[in-house]
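>>> Turn this into a structure:
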Amino acid sequence: MLSQDALIHVTTEKAWQSAASAGRYFPTGFEAEGFIHCCHRSQLEQVLSDHFSGQRGVLLLVLDRLLLEAEIRYERAANGDDYPHVYGPIKPNVVIQSIPASRINGDWQLP
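Prediction:
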C-alpha cells in the first residue's frame, strides 16, 4: 500500500522501459514544461482520471526523494492543489517501486 506522502509519477510501461534502458527518464512534454509531473497518493485518482483514462499499461513509479538529484517544487494546479514537480530527469535507481495500475469495471484499483 502506498503511503499518503509517497512521491509518485504516472507513466506508461512502454515509456518507462525505453527510458530505463537509456539510464534516465524524461516524459513527453518535459522540454516544453521543464519538469516532470508527480503527485501524492491523495491526488493519484484525480491524475489517473484526468490524464490516463483511456490508456492501457499505466505504471505508477514511486520515487525515493533522497536519491532524487533534481529539485522538487510544489506548484499550484488549476484545481487548487499543490502538486510536486521534479525539475530534472528520473534515473532508474530513484524508482523504489513500480506498480501497474489497473481498472475493474472502469474504476482505478489503487494500492
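
>>> OK, contacts around residue 4?
Taking C-beta atoms under 8 Å, 6 or more residues apart in numbering as the definition of contact, the neighbours of residue 4 are 40, 41, 42. Where C-beta positions appear, they are placed from N, C-alpha and C, glycine not excepted.

>>> mind listing the helices for the protein?
In order along the chain, the chain carries the following helices (DSSP state H): 13-22, 30-33, 41-51.

>>> Identify whichever of the ones you listed lies nearest to residue 65.
Each of those was scored for nearness to residue 65 using C-beta to C-beta, and the closest is helix 41-51 (14.4 Å).

>>> Which positions within the closest one qualify as buried?
Neighbour counts over helix 41-51 (16 or more other C-beta atoms under 10 Å) mark 41, 43, 44, 47, 48 as buried.

>>> What sits closest to the last one if chain neighbours are left out?
Looking back up the chat, that one is residue 48. Closest residue in space to residue 48, ignoring its immediate chain neighbours: residue 108 at 5.0 Å, by C-beta to C-beta, 6 or more residues apart in numbering.

>>> thought the one you found was touching residue 45?
Yes - using C-beta atoms under 8 Å as the test, residue 108 is close enough to residue 45 to be in contact (6.0 Å).

>>> bridging residues for residue 73?
On the basis of DSSP bridges, residue 73 takes part in beta bridges with residue 85.

>>> Count the neighbours of it for me.
Residue neighbour count, defined by other C-beta atoms under 10 Å, stands at 12 for residue 73.

>>> Nearest residue to residue 103 in space, please, no chain neighbours.
The spatial neighbour of residue 103 that comes closest, neighbours along the chain excluded (C-beta to C-beta, 6+ apart), is residue 109 at 6.6 Å.

>>> Identify the bridge partners of that neighbour.
Residue 109 forms beta bridges with residue 102, as assigned by DSSP bridges.
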